[in-house]
Each structure stands twice: as structure tokens, then as C-alpha cells.
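A.B. asks: predicted model follows, preceded by the sequence.
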Amino acid sequence: MEKINCKAAITDGNGNFTIEEIEVGIPAADEVLVKIKAAGLCHTDYDSLGWGRKMVLGHEGAGVVIKTGENVTHVKEGDSVILNWAIPCNHCFQCNNGNRHICENNSPVTGKNNGESGHAHAGGCTLSGQPISRSFNLGTLSEYTLVKGAAVIRNQSEKMPFTSAAIIGCGVMTGIGSVLNAAKIQAGTSVVVIGAGGVGLNVIQGARIAGAKEIIIIDIKEQRFEMAKQMGATHTILAQKDDIGLLNAAAEVIQVLNGRGADFAFECTAIPQLGAAPLAMVRNAGMAVQVSGIEQEINIDMNLFEWDKIYLNPLYGKCNPQTDFSRIINYYENGNLFLDELITQTYPLRELQQAFNDLLAGKNAKGVILF
């Protein structure tokens, strides 16, 4: 088998991207060559345009195995697979302690070498003859990609379309996992979700699956409430842009819950000014969860922590890909998890700019590039 020439979205790292032809090589012993069928888009993909290095874009995707390296046994040629960006090494301190999503060696977020080491061998992925890295070691906005075997999970569903499978590997996993793995919410509890975007909608779904009694969604866009209710929201609160820290919205939450804050509140907007907002929503000894990955410096009034409140900042829903992806697929198969309904719009690769425009305008619950 020879190298494959294919189209891919390439960023220059300075805010721009082009569609160019790259070469994807033959799998090494621990690698898998995947033909991408669909790739989800989220704000991280847009943010990665400005990360200061040239690379293949995309970190959510699903496709078909074309070829495997000799040491890869869990998937085979022709298998439908979902890509996972939190690639475990399975032998570091964190992996051995069950935290495969924050692997010390391979993670592009927490890894020692920014996830680059060992993921771009000389024959892996090249542009004009020069090696090029891939976003989150995946580069799913490409017709083909070459990844570590640990980055692919077989999709055992016979009815799930590639568009729905593509979004599992980030937004869905982050939302569902933040509820079930990180917060571990119980049936009959009350939940607040701040932000009804792609991740927030999946937090709502996770809360519904867990059996939450009240699921209150807060957003500044009233048009998002219809889908939020479809996903499982029981109450809606329309926030105002001038509501600093959402303190007025928090007062409405307390009113809905008969004078006490929620058991759990999840921040899903990635807006730094709202980093402390979930603390204002929860009761004493309640739990606030910062889902969206705010990394900027923020100021928090410590009075919001009174009393006995817990604030979590989980990564990727504390994903254990081998078990969590299978669980998500089973929820879908059983009709408990809505994925097809989340796909608002699909685009060909050549319309990636329009897909980004719609993402930034908040038009889509989830936009997907379809190959």
C-alpha cells in the first residue's frame, strides 16, 4: 500500500485556513489509517486557527478503517469507528489510576510534550513533502487520517449515521460525562444548565438519563429553548446580557426550586465572566461544574462558596473511551440519547468557512462536515 493523497483543511496558525492536498502514510505497528466520513465542528476548532502552528484541523470524527498496523487488534479493516482525542498510553501514573483522559504522555491538553511525541512519524502526514501535525493528534477535517490505535473505538451500532457518530468524540462525551462521570448526579435531584449550545444540550441529556427531577436551562437566546426541552429540560430561564454573573437568573432558579438552590449547576458557555455563575445557582453543599473549559483568569467572590459547596473543572467528561463510548452508543441504540436530532446542518469540506460562520452565529446545535 502506498501513501494516499487527499484533501484537508490546513490552518497557518494565524487565524487562516486553506483546503490543500496532503499525503497520508502507511500505518506503523500501533497505528490505524481511517477514511473520515464525517467530522463535527465546535468552538475549539475555530480557536485552533490561532494556535500559532500549521496543522490539519479537526478533532471530532467518525469513519471506516482502511488499514491497521500489526499490533492493532481491537479494530480491523472495514470497521466503523469513532475517533477519540484523549489518547491514553495505558501505563503512566494517571492512566494507571483510571484517569485515561488526562494521560501524562499522550494527551494534547495535559501531556508532557503537548501530545505531539510519537504521533507524527516521518511517513505519517505530510504537506508538500514536509511533516505536518494534526489537531489533537487526529486532524479529522481531512479525507483520511493516520492515528494511534488507542484513538479509535469501534462503533458497534448498525443504525447510527456517521454524522451522529462524529460528534460523540468531544461534545457529546463532554456533556454526558460531566454529568455521569464527574458530578455523578442521582435520580430525583435538581440540575441547572447554563448555556444551551452543543455541550449544554448533552449535559441536559445526561441529567435526563440520570433521572434528574428538575432540569433548568438558562440562555440568552430564547430560540434555543425548543431543542433544550426536546433534550429533557423541564424549565427555562431567559437570561439578560446585563445580568452580571447571572445573579438575577440565580434568583429565578431559587424561586423555581421553592427557596433553595439546585443540587447541581453546570456552566457550558466558555464565557469567563460566567465562570463563577454556577456557584450562585447551587444550594449549600451543592456542586458547581465548569464544563466548557474556561482558561482565563477570573475573579470569584468567595461568598459564593458558602457553605460546603464543591466546584469541579473536569476535562472531557472524565472520559474512559473504551467503556464510555460503548455506553453512549447503547443509550443511542435504546432511544435514550438523541444524536441525530442534534445535527442542525451538514456541509462539504469546501464550505468550511460557512460552517465556521454559522458556528459563531450560534445557528447550529451541531454542524458537521460530511465527506
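C.D. replies: Arrived safely.

A.B. asks: quick one: buried residues of stretch 239-250?
C.D. replies: Residues of stretch 239-250 classed as buried by neighbour count (16 or more other C-beta atoms under 10 Å): A239, D243, G245, L246, A249, A250. The C-beta positions use only the backbone N, C-alpha and C, and glycine is treated the same way.

A.B. asks: let me see the contact set for the spatially most central residue of the chain.
C.D. replies: What sits nearest the mean C-alpha location of the chain, by C-alpha atoms, centre = their mean, is C170, with 2.2 Å. C170 sits next to G40, C42, T44, H59, E60, W85, Y316 when contact means C-beta atoms under 8 Å, 6 or more residues apart in numbering.

A.B. asks: of the buried residues of stretch 239-250, which is the nearest to E295?
C.D. replies: Using C-beta to C-beta, G245 is the member of the buried residues of stretch 239-250 that lies nearest E295, at 18.7 Å.

A.B. asks: hang on, isn't that closest one packed against A276?
C.D. replies: Yes - using C-beta atoms under 8 Å, G245 is in contact with A276, at 6.2 Å.

A.B. asks: phi and psi next, for the residue nearest to the centre of the chain.
C.D. replies: phi -150, psi -80 (degrees, to the nearest 10).

A.B. asks: could you report the pLDDT at it?
C.D. replies: Predicted confidence (pLDDT) for C170: 90.

A.B. asks: can you pull the contacts of K318?
C.D. replies: N99, H101, G177, S178, N181, A182.

A.B. asks: I misspoke; the intended subject was V179.
C.D. replies: I185, V191, V203, G206, A207, I209, A210, F266, G317.

A.B. asks: go again using 7 Å as the cut-off
C.D. replies: Shown in contact with V179 (C-beta atoms under 7 Å, 6 or more residues apart in numbering): I185, V203, G206, A207, A210.

A.B. asks: for the stretch 101-250 of the chain, which segments count as helices?
C.D. replies: 162-166, 173-177, 198-210, 225-231, 247-256 (DSSP state H, counting those that start in this stretch).

A.B. asks: save those helices as CSV, and put in distance to Y332 and mean pLDDT too.
C.D. replies: Output for the helices of the stretch 101-250 of the chain, formatted as CSV (distance: least, C-beta to C-beta, whole Å; pLDDT from 0 to 100):
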stretch, distance to Y332, mean pLDDT
helix 162-166, 7, 97
helix 173-177, 11, 96
helix 198-210, 10, 97
helix 225-231, 13, 96
helix 247-256, 30, 96
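
A.B. asks: so which of the ones you listed is nearest I329?
C.D. replies: That would be helix 162-166 among the helices of the stretch 101-250 of the chain, by C-beta to C-beta, at 8.4 Å.

A.B. asks: which elements pack onto the closest one?
C.D. replies: strand 31-40, strand 62-68, strand 367-370 (3 or more C-beta pairs under 7 Å, 6 or more residues apart in numbering; DSSP states H and E).

A.B. asks: next, count neighbours for the nearest residue to G232 once chain neighbours are set aside.
C.D. replies: In space, not counting the residues next to it along the chain, G232 is nearest to R208; the distance is 3.1 Å by C-beta to C-beta, 6 or more residues apart in numbering. Neighbourhood size, R208 [other C-beta atoms under 10 Å]: 19.

A.B. asks: can you check the one 4 residues further on too?
C.D. replies: The burial count assigned to A212 is 24, neighbours taken as other C-beta under 10 Å.

A.B. asks: for it, give its distance to I204.
C.D. replies: Distance from A212 to I204, counting by C-beta to C-beta, to the nearest Å: 9 Å.

A.B. asks: cool, K229 as well?
C.D. replies: For K229, the distance to I204 - C-beta to C-beta - is 9 Å.

A.B. asks: likewise L304?
C.D. replies: For L304, the distance to I204 - C-beta to C-beta - is 23 Å.

A.B. asks: so between those two, which is more surrounded?
C.D. replies: Neighbour count, other C-beta under 10 Å: between L304 and I204, I204 has more, with 29 against 19.

A.B. asks: excluding covalently adjacent residues, which one is nearest to that one?
C.D. replies: Distance criterion C-beta to C-beta, 6+ apart; nearest residue to I204, sequence neighbours excluded, is M231 at 4.4 Å.
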